[in-house]
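S.K.: test case, fold it:
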Amino acid sequence: MSVAEKLVITPEMLDLASRLDEFKGSWRAVGALPRRQLQDLKERAYADDILAAVRFSRLSITERKVHKIVSSRSSFEPVSPSERLADAYRACTARLEEGCLSMDLNVDSICELHRILMAPVAGEGEVGTCVSEVLEGSLAALCQWSAETLRHRSLHPLLVVSIFCASFVAMHPFKDGNDLLACLLQRWLHLKNGYAFVAYAPLTAMLLAECPAFSAPRDGLTPIQILRREMQLSSANPTEEPNWQPWILFYFNVLTKAAGILKDRLEREEDLFASQPELSMQILVQARARGRVTLRDMVESTGVSRNTLKEHFKSLVDEGRLAMHGKGRGVWYSLA
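M.R.: Got it, this is the predicted structure:
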């Protein structure tokens, strides 16, 4: 691939890349936040991404069920196809975070992720690798180019990841699961190259919801259609390079929006949890994750006495952080 020689970097691309790099640098300070606060941010992003992935696959699942899957550690047993896909997407995400630095970008690693993602839905024996030797060779070449370019820094990492993502989608190396796998792979490559904030941003949800590359087009040509057309032309004429600009610009804008959502969430987190005792923080986390929380919920999840919890609920209502609904035993609370 001779991308570096023919790729035109526009001022808008440079501006978006610099803003993303600036956010990447400022995110390092977030490590000083309380662990529970960071975990809550991450689980919210997980939930958004998983919900989008399941619905993109034309399956139905509730937000409540997704939050249960995300917050579960070992007790959840998926039953329906939608639950199995949601749990598999979570497992892939966990695998990538555990091995984001140690795993190499190659066909074997991608096939491993594809099995983790699709086996629970299709059945272990029905999940194949690349559909042909030609595509497997093309995927190996793409992985080699991406890995070497990232290692030598001959192109900005964000450019490499965007080109890898688009090329993978256009290549379509597996029978199914390509689009969801592309979302996971771009997440992995961002983490591998120091963009830690993507673990806390609903990037997959934004790609699946907003990016025409991953959904049916509405009117005219989408960026991925333009890209695929250019790649088809270039395959017929090896001297021509695909027109990467439309896709890269679109992708950079999606990344910037995801970073903006994360920044807003972080600011709301700081306001919501400001100077709160640990128990009150747990109540607020439950209320936001589930949309509602009851005294009974918190007794079951924390083991703390009802009287102690009542005091925390009352304080949160008095401070305007929780709103109380209903009366007597039917009382429940939501974020104000």
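S.K.: the helix ranked longest in the chain packs against which elements?
M.R.: The helix spanning the most residues in the chain, taking DSSP state H as the definition, is helix 245-272. Contacts of helix 245-272 with other secondary structure elements, assessed using 3 or more CB pairs under 8 Å, 6 or more residues apart in numbering; DSSP states H and E, are made with helix 11-27, helix 35-56, helix 157-171, helix 203-210, helix 223-236. For every residue, glycine as well, the C-beta is placed using N, CA and C.
S.K.: go again using 10 Å as the cut-off
M.R.: If contacts are counted by 3 or more CB pairs under 10 Å, 6 or more residues apart in numbering; DSSP states H and E, helix 245-272 sits against helix 11-27, helix 35-56, helix 157-171, helix 178-192, helix 203-210, helix 223-236, helix 278-290.
S.K.: possible to save these as TSV with mean pLDDT?
M.R.: Output for the helices and strands packed on helix 245-272, formatted as TSV (pLDDT from 0 to 100):
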stretch	mean pLDDT
helix 11-27	91
helix 35-56	84
helix 157-171	89
helix 178-192	91
helix 203-210	78
helix 223-236	55
helix 278-290	79
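S.K.: any chance of those helices in JSON lines, with mean neighbour count and distance to residue 144 too?
M.R.: What follows is these, written out as JSON lines (neighbours: other CB atoms under 10 Å; distance: least, CB to CB, whole Å):
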{"stretch": "helix 11-27", "mean neighbour count": "15", "distance to residue 144": "24"}
{"stretch": "helix 35-56", "mean neighbour count": "20", "distance to residue 144": "28"}
{"stretch": "helix 157-171", "mean neighbour count": "22", "distance to residue 144": "11"}
{"stretch": "helix 178-192", "mean neighbour count": "22", "distance to residue 144": "14"}
{"stretch": "helix 203-210", "mean neighbour count": "22", "distance to residue 144": "25"}
{"stretch": "helix 223-236", "mean neighbour count": "17", "distance to residue 144": "18"}
{"stretch": "helix 278-290", "mean neighbour count": "19", "distance to residue 144": "42"}
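S.K.: any weak-confidence spans in the stretch 1-150 of the chain?
M.R.: Along the stretch 1-150 of the chain, segments meeting pLDDT under 70 span 1-6, 30-34, 72-76, 123-131.
S.K.: ok, which stretches of it are helices?
M.R.: Remark: helices assigned in the stretch 1-150 of the chain by DSSP state H, counting those that start in this stretch are 3-6, 11-27, 35-56, 63-71, 81-99, 107-122, 133-152.
S.K.: got the domain boundaries for this structure?
M.R.: Each structural domain of the chain that the record assigns through automatic domain parsing is listed here as a residue range: 3-270, 277-335.
S.K.: so how far is residue 105 from residue 146?
M.R.: Residue 146 sits 6 Å away from residue 105, going by CB to CB, to the nearest Å.
S.K.: mind checking which of the two has more residues around it?
M.R.: Each of residue 146 and residue 105 had its neighbours counted (other CB atoms under 10 Å), and the higher figure belongs to residue 146 (23 against 20).
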